[in-house]
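A.B. asks: Model the structure of this input:
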Amino acid sequence: MDACFERLPPPVTRPRGTTPAPASTAAGVDAGLERSLAAMAMFAGVDATSRARLARDATIRRLAAGEALWMAGQRADHLTLVGRGIIQVEQMTVHGEGFVVGLFGVDDSIGLPTVLERGRYRSDAVALTADSEVLRIRAEPVLAALAESPALAMAVNRALVRHSGVLRAKIEIVTAGSVPRRLAALFLHLIARFGEDLGAEGVRLGIGLTREQIGRYVSTRVETVSRILSRWQKAGWLRSGRGTIDVLRVDMLQRILDV
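C.D. replies: You can find the predicted model right below:
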């Protein structure tokens, strides 16, 4: 098996009913949390006083690869934004198979529609990358402040638009047509969102996706994914590393979609 498609570490498990302690806890107004809020695109237009108020109800949580941020059925009682790394949201089908809803990266808000409706999550959220970090703000103070702060309401609207974009991208990928077209659409999406430009060497994806995960994302069998990716690697379009995939021929992936 290629290094870039090694299995991720098993999910970090804890006794049922326990909640992992956050890496830092807001006590009063934490200057570090205020800076974290200010750095988030969502809060770019929110005034310092409002950010300080939100910081009182904020915590930062760090997750290892494979660690669950939340599981389906938990109450959506926090606004959650990604500060570092990538979080995968996955839902189980009625047949017990995993279905990847989307991949959320830096500045993305995860599960925001469920938070706004004060509901329970219907999907699991799991850290895809090591040393992932999320900023969590208690939902009730945020929801209560929406009516009083037009800037905060606009920030939430921007986050909703961004959230919808991630979900819309997933729909575009699974409806792209044949499996090669779906895979090409997935890689181009990942390049646009998470790619590191290597110049003449192409683009690097620092995402340790397994072939099983890729198959769930494009809704196809892992054997089909393995066959197509192996063919692309032999053709020199992809190069695998430990926890990375270098896309050497972005133009060939685009050509697949353009045909």
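
A.B. asks: hmm, who's touching stretch 187-195?
C.D. replies: Residues from elsewhere that reach stretch 187-195 (CB atoms under 8 Å, 6 or more residues apart in numbering): 86, 103, 105, 169, 172-173, 203-207, 247, 250, 253-254, 257. Yep, even glycine has a C-beta here, placed from its N, CA and C like the rest.

A.B. asks: Flag the least confident of these.
C.D. replies: The lowest pLDDT within the contacts of stretch 187-195 belongs to I207, which sits at 83.

A.B. asks: wait, doesn't that one sit right on A127?
C.D. replies: No. Applying CB atoms under 8 Å, one finds I207 not in contact with A127, separated by 11.7 Å.

A.B. asks: which residues do those two both contact?
C.D. replies: I86.

A.B. asks: Restricted to strands, list the contacts of stretch 187-195.
C.D. replies: Using DSSP state E, the members of the contacts of stretch 187-195 that fall in strands are L103, V203, R204, L205, V247.

A.B. asks: Spatially, what comes nearest to the second one if we skip its sequence neighbours?
C.D. replies: It stands for V203. G195 (4.1 Å; CB to CB, 6 or more residues apart in numbering).

A.B. asks: gap between the helix or strand where T114 lies and the chain center?
C.D. replies: Using DSSP states H and E, T114 sits in helix 112-116. Offset of helix 112-116 from its chain centre (CA atoms, centre = their mean, to the nearest Å): 16 Å.

A.B. asks: And stretch 58-65, by the same measure?
C.D. replies: Taking mean C-alpha positions (CA atoms, centre = their mean), stretch 58-65 and its chain are 14 Å apart.

A.B. asks: what does stretch 83-99 give?
C.D. replies: With CA atoms, centre = their mean, you get 10 Å for stretch 83-99.

A.B. asks: Who does A127 form a beta bridge with?
C.D. replies: Taking DSSP bridges as the rule, A127 bridges to I87.

A.B. asks: Make sure it is actually in contact with V89.
C.D. replies: No. Taking contacts as CB under 8 Å, A127 lies outside contact range of V89: 11.2 Å.

A.B. asks: Show me which of I207 and A127 is the more surrounded one.
C.D. replies: A127 (26 against 21; other CB atoms under 10 Å).

A.B. asks: That one: what's it in contact with?
C.D. replies: Each residue near A127 by CB under 8 Å, 6+ apart is listed here: L63, A64, A65, G66, E67, A68, L69, G85, I86, I87, Q88.

A.B. asks: go with 7 Å
C.D. replies: Taking CB atoms under 7 Å, 6 or more residues apart in numbering, we find A127 in contact with L63, A64, A65, G66, E67, L69, G85, I87.

A.B. asks: how near is the residue positioned nearest the centre of the chain to R162?
C.D. replies: In the chain, the C-alpha nearest the mean C-alpha coordinate belongs to F104, at 1.9 Å (CA atoms, centre = their mean). Distance of F104 to R162, computed by CB to CB, to the nearest Å: 9 Å.

A.B. asks: coming back round to it: could you report the separation of the residue nearest to V203 from G105?
C.D. replies: For G195, the distance to G105 equals 11 Å [CB to CB].
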